[in-house]
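Engineer: Dropping a prediction and its sequence here:
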Amino acid sequence: MLLPLGHFATLHRTSSFSSLLTKRKKHTKRIVLGRASSSTREEEGEEEVPASVLGPSRAKIHSSSVEKETIANMDPSERLKRYQEIYEYSIRHAGAFWSERAQKFSWENPEFFKRNEHNERENFDARKGDVNIEFFKGAKTNLAHNCLDRNIENGLGDEPAIIFESDKGFEQEKRCETLTYLQLKEKSDKLANHLIYVCDVKPGDVVVCYMPMIPELVVTMMACARIGAVHNVVFAGYSAEALAKRIVDSEAKVLVSAAMSYRGGKAIELFKIVAEAEKICEMQGHKIEERVCHFNLPGSESHTDWPKEKAEIFAAFKQRHGGNEMSPAWTDAPHGTIRPYYGLHLFKSSKLTLTSTHFFFFL
Amino acid sequence: MALDEQESRPPPVTIWRDAEDAAFILYTSGSTGAPKGVVHVIGGYMVHVAETMKEAFNVKVGDVTFCTADIGWITGHSYLVYGPLLNGCASILYEGKPDYPNASRLWEICDKYGAKVLYTAPTVIRSLKKQGDEWVKKTKRDSLEILGTVGEPIGESAWKWFHDIVGEGKLPVVDTWWQTETGGHVILSLPNVGETKPGRVGLPFYGCIPSILDPQTGKELDGPNVEGLLALKPPALPGMFRDIYKNHERYVKSYFQEIDGYYVSGDGARRDEDGQYYITGRVDDVINVSGHRIGTAEVENALARNIFVTEAAVVGIPSEIKGQELFAFCSLKEDIQFLKEKEELKSSTYTPEQLIIKDLMNTCAKEIGSFAKPTGGILLLQPGTGIPKTRSGKLVRRVLRKIAKGDYLTDFGDLSAVANPESIQSIIQAKKKADEAGK
């Protein structure tokens, strides 16, 4: 029952999963990034520790002595005392405490943490000026790089990152799939390219994700993080109105969605909700310019890959309908008539693509 | 541009962004107005989430973690996606429901993949508990090392079941309190640090100072055995939200200006003699249904848009499984009698009241989502009854809450601020009548 491979092997079930587990041992050797010496903000003149802080311990800890181990790994009798010591240090020297912990991540300018300035700054009191919170301002980083590339560099490329277990129950074949760190990176890179070159997403742009619990949602989040886009994930249980409200409010021009959602043996036609939300947005004068959809349709082989056959479908549609526009009536498509097909497609949300979807459902 | 070209393109260049640039927006319900787009930034969020994941669940590279929250909520963002990936873990992503096809599903998934950490919600625990212990006991669960819970205060019986049956009394239960706004854990029971008790959330995470404030005076209450509003004071946690999308004024006003100098969470809490915290629930007009935050205003607005209704009030009532359920009071536009006279409805198997209630349920599902249906009940009020309000027009929710629960006899407290106290008795009458009809 192995599904489309290429180098996005769909790894199946426990057999391949446990092989991953055994493989892990070879890779767990961590390459420690060469950054770092600890940075202590030498702060004398101790502030009064608030009375609500518990514990008698007043021991001052220097960051160099702060445990690298999690507290759960310590001797049980020591844990509460160690917690209190670390806690007290952390609230007295919040900037230093968090900088220390930040340094194990990848930063474009790790030397930032040696300069030790502006690590942390906040004002909670509107009477004293604008309320704001700032950490590591001026340090540059990337979430996708830290989630994926950093782990891959450390030898985790072939280790599982996301283990997907499908709902099972609807007509759809049960899908169990493991995405390794490398596979997750490759998939998200492809989508990131699509977002950049086709959807014209720029750093800071908002991308709305309206998807059920499928690996493609993680892929989308990673793709956004990679290119500096801001993802706005909307829970797939929200209605078209609620989705539209969130699209309009966040001024998003790009929407990533899935065709269906499966839960508890029921299938929910997300594509209908998306189409309705799009109409509502347009009525409010907001146009979604680009749309990306994962076609997880019922009754078909599971297969996840970023677009490949899209061009073919598009061509087939054009050939059949001569590029004529049909009314975007796909909201009423009965899903019983769907041609067995399961794949991940990206399409532009021009009129034509709506019709291509229409075609798709009625074929 | 042909879509399959992405295949042949080199991987995109990683865009390095300032630690303070926005990473994502996530909408959450507030007590008033439209949902708020909570803005989180890249650097601080990353460090906060990775560190709390590591400390709370004691994870290391290669561990398998299972968080049952939907990615559409902050728990999914932080502890299903970013937390595990930042720590080099394998994160289980389960598409379906915890009790489908049967109540063993979650435990089976744990066994199948060797999950070390299970992070779930009290509402899930309560609903699985109700189905009986045998569903749990027929699974091994021997890979689990830590059980976590989040979303709402976990009651004693659910905690005990989770600890004794699921964890067989051997595994630490890590309760966590945090919010969409805080990005990651704030108060939690770090594994085996201090004594855990059912319902006790625990101690603050490193780098934050929870404060208990007097709800009347706004003064901070020091020392043990105090109860009040749960707030945070500086230093900030790095994962805390930086703004409300496009609405900085609302950010400042709704979180920091209620009591100057504090981030006021909207939850109530108690600090016990060990300096540990208990969460007592929302203190504002937000209702926690199965761990989902629902703003009453949002549901009220949805109901008021229904053609039968002029105004609506929504309150939370206790529910065994969901924690809380919504109960709605709806003032009708016209006397219900007019529907009874309609020919086409005379043959209907439903009464006009049932039809209107069904329609109102649909309205909520349509405007917000099925989880926002007032499953606790909808009380239809005849035109002219009115809903109790203060002179400034605020709904008197404490009274409505009591009526919704069927608690008619207790003292409703000081009603001097209520502009239309006579409405209270009419509503009670209507509620009694509805209760009787319900029987």
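Structural biologist: That came in fine, so what should we check first?
Engineer: Could you list the contact residues of the stretch 51-200 of chain B toward chain A?
Structural biologist: Residues of the stretch 51-200 of chain B found near chain A (Cβ under 8 Å from any Cβ of the partner chain) are B:51, B:54-55, B:58, B:61-62, B:64, B:70-73, B:76-77, B:81-82, B:84-86, B:88, B:90-97, B:99-101, B:109, B:112-114, B:146, B:190-194. Using the backbone N, CA and C atoms, a C-beta is placed for each residue, glycine as well.
Engineer: Could you list which of the residues you listed belong to strands?
Structural biologist: Those of these mapping onto strands are B:64, B:90-94, B:146, per DSSP state E.
Engineer: between those residues, which is closest to chain A?
Structural biologist: If you rank these by distance to chain A using Cβ to the nearest Cβ, residue B:90 comes first, at 3.9 Å.
Engineer: Name the nearest residue to that closest one, ignoring sequence neighbours.
Structural biologist: Of all residues not flanking residue B:90 in the chain, residue A:160 sits nearest, at 3.9 Å (Cβ to Cβ, 6 or more residues apart in numbering or on different chains).
Engineer: Could you give the bridge partners of the one you found?
Structural biologist: Bridge pairing for residue A:160 (DSSP bridges) gives the partners residue A:180.
Engineer: Just the ones in helices from the residues of the stretch 51-200 of chain B next to chain A, please.
Structural biologist: Mapping those onto helices (DSSP state H) picks out B:51, B:54-55, B:76, B:84-86, B:109, B:112-113.
Engineer: Pull the most distant pair out of these.
Structural biologist: B:51 and B:112 (29.1 Å; Cβ to Cβ).
Engineer: Those two: which is more packed in?
Structural biologist: Regarding residue B:51 and residue B:112, a neighbour count based on other Cβ atoms under 10 Å in any protein chain shown identifies residue B:51 as having more, with 26 against 17.
Engineer: Could you pull up the residues touching the nearest residue to residue B:353 once chain neighbours are set aside?
Structural biologist: What sits nearest to residue B:353 in space, not counting adjacent residues and going by Cβ to Cβ, 6+ apart, is residue B:380, at 6.0 Å. By Cβ atoms under 8 Å, 6 or more residues apart in numbering or on different chains, the residues touching residue B:380 are B:330, B:332, B:336, B:353, B:356-357, B:430, B:434.
Engineer: Check the gap between residue B:380 and residue B:81 for me.
Structural biologist: Using Cβ to Cβ, to the nearest Å, residue B:380 is found at 43 Å from residue B:81.
Engineer: One more: residue B:121?
Structural biologist: Distance from residue B:121 to residue B:81, counting by Cβ to Cβ: 17 Å.
Engineer: which strands and helices sit next to the host helix or strand of residue B:338?
Structural biologist: Using DSSP states H and E, residue B:338 sits in helix B:337-340. Judged by 3 or more Cβ pairs under 8 Å, 6 or more residues apart in numbering or on different chains; DSSP states H and E, helix B:337-340 is in contact with helix B:352-367.
Engineer: Describe which strands the next helix or strand after the helix it packs on pairs with in its sheet and in which direction.
Structural biologist: Going down the chain from helix B:352-367, the next helix or strand is strand B:377-381, by DSSP H and E. Using DSSP bridges, the strands paired with strand B:377-381 in its sheet are strand B:323-332 (parallel).
Engineer: quick check: mean pLDDT across the partner strand?
Structural biologist: Across strand B:323-332, pLDDT averages out at 93.
Engineer: Also compute the angle for that strand relative to helix B:352-367, please.
Structural biologist: Interaxial angle of strand B:323-332 relative to helix B:352-367 (axes from the mean of the first three to the mean of the last three Cα atoms, to 10 degrees): 120 degrees.
Engineer: Show me how far strand B:323-332 is from its chain's centre.
Structural biologist: 17 Å (Cα atoms, centre = their mean, to the nearest Å).
Engineer: could you show me where the helices are in the stretch 51-200 of chain A, in order?
Structural biologist: Using DSSP state H, counting those that start in this stretch, the helices of the stretch 51-200 of chain A run over A:76-92, A:94-102, A:112-115, A:143-144, A:150-151, A:181-197.
Engineer: Can you add mean pLDDT and give the ones you listed back as a markdown table?
Structural biologist: Shown next, in a markdown table, are the helices of the stretch 51-200 of chain A (pLDDT from 0 to 100):
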| stretch | mean pLDDT |
| --- | --- |
| helix A:76-92 | 91 |
| helix A:94-102 | 94 |
| helix A:112-115 | 89 |
| helix A:143-144 | 98 |
| helix A:150-151 | 97 |
| helix A:181-197 | 92 |
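Engineer: can I get those in TSV with distance to residue B:227 and mean neighbour count?
Structural biologist: Listed next are the helices of the stretch 51-200 of chain A as TSV, based on distance: least, Cβ to Cβ, whole Å; neighbours: other Cβ atoms under 10 Å in any protein chain shown:
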stretch	distance to residue B:227	mean neighbour count
helix A:76-92	22	18
helix A:94-102	27	25
helix A:112-115	40	18
helix A:143-144	38	26
helix A:150-151	44	24
helix A:181-197	45	23
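Engineer: how about those in CSV, adding distance to residue B:45?
Structural biologist: Output for those, formatted as CSV (distance: least, Cβ to Cβ, whole Å):
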stretch, distance to residue B:45
helix A:76-92, 17
helix A:94-102, 11
helix A:112-115, 17
helix A:143-144, 8
helix A:150-151, 16
helix A:181-197, 18
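Engineer: Please name whichever of the ones you listed is nearest to residue A:282.
Structural biologist: helix A:181-197 (21.9 Å).
Engineer: Would you pull up the residue in the stretch 151-300 of chain B closest to chain A?
Structural biologist: For the stretch 151-300 of chain B, Cβ to the nearest Cβ, closest residue to chain A: residue B:275, 3.2 Å.
Engineer: Quick check, that residue in contact with residue B:224.
Structural biologist: Yes: counting by Cβ atoms under 8 Å, residue B:275 does reach residue B:224; the two are 6.4 Å apart.
Engineer: now the chain, which segments are flagged as low pLDDT?
Structural biologist: Going with chain A. A:1-68, A:116-118, A:169-174, A:297-363 (pLDDT under 70).
Engineer: right idea, wrong chain: chain B
Structural biologist: Using pLDDT under 70, chain B drops low at B:1-7, B:343-345, B:439.
Engineer: Can you give the domain ranges for it?
Structural biologist: For chain B, the domain assignment from automatic domain parsing gives the residue ranges B:17-283, B:287-438.
Engineer: so which of those domains is the most packed in?
Structural biologist: Sort those by mean neighbour count, taking mean count of other Cβ atoms under 10 Å in any protein chain shown, and domain B:17-283 sits at the top with a mean of 21.
Engineer: ok now that domain, how far from the chain's centre?
Structural biologist: Taking Cα atoms, centre = their mean, one finds domain B:17-283 lying 11 Å from the centre of the chain it belongs to.
Engineer: what's the nearest residue to residue B:238 if we skip its chain neighbours?
Structural biologist: residue B:44 (3.1 Å).
Engineer: Run a quick check on that neighbour versus residue A:136, I expect a contact.
Structural biologist: Yes: with contact defined as Cβ under 8 Å, residue B:44 counts as touching residue A:136 (6.7 Å).
Engineer: which residues are common contacts for those two?
Structural biologist: Joint contacts of residue B:44 and residue A:136 (Cβ under 8 Å, 6+ apart) are A:98, B:19-20, B:238.
Engineer: Going by proximity to chain B, name the top residue of the stretch 251-363 of chain A.
Structural biologist: Nearest residue of the stretch 251-363 of chain A to chain B: residue A:264, at 4.0 Å (Cβ to the nearest Cβ).
Engineer: before we move on, the earlier item: so which helix or strand takes in the residue nearest to residue B:238?
Structural biologist: Applying DSSP H and E as the criterion places residue B:44 in helix B:42-57.
Engineer: Put the alpha carbons of that helix into CSV.
Structural biologist: C-alpha atoms of helix B:42-57 as CSV (Å, rounded to 0.1, in the frame of the first residue of the first chain):
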residue,chain,number,x,y,z
ILE,B,42,9.5,35.7,16.1
GLY,B,43,12.4,35.8,18.6
GLY,B,44,10.7,36.0,22.0
TYR,B,45,8.0,33.5,21.1
MET,B,46,10.6,31.0,19.8
VAL,B,47,12.7,31.1,23.0
HIS,B,48,9.7,31.0,25.3
VAL,B,49,7.9,28.2,23.6
ALA,B,50,11.0,26.0,23.2
GLU,B,51,12.1,26.5,26.8
THR,B,52,8.7,25.9,28.3
MET,B,53,8.2,22.8,26.2
LYS,B,54,11.6,21.5,27.3
GLU,B,55,11.1,22.2,31.0
ALA,B,56,7.4,21.3,31.3
PHE,B,57,7.6,18.0,29.4
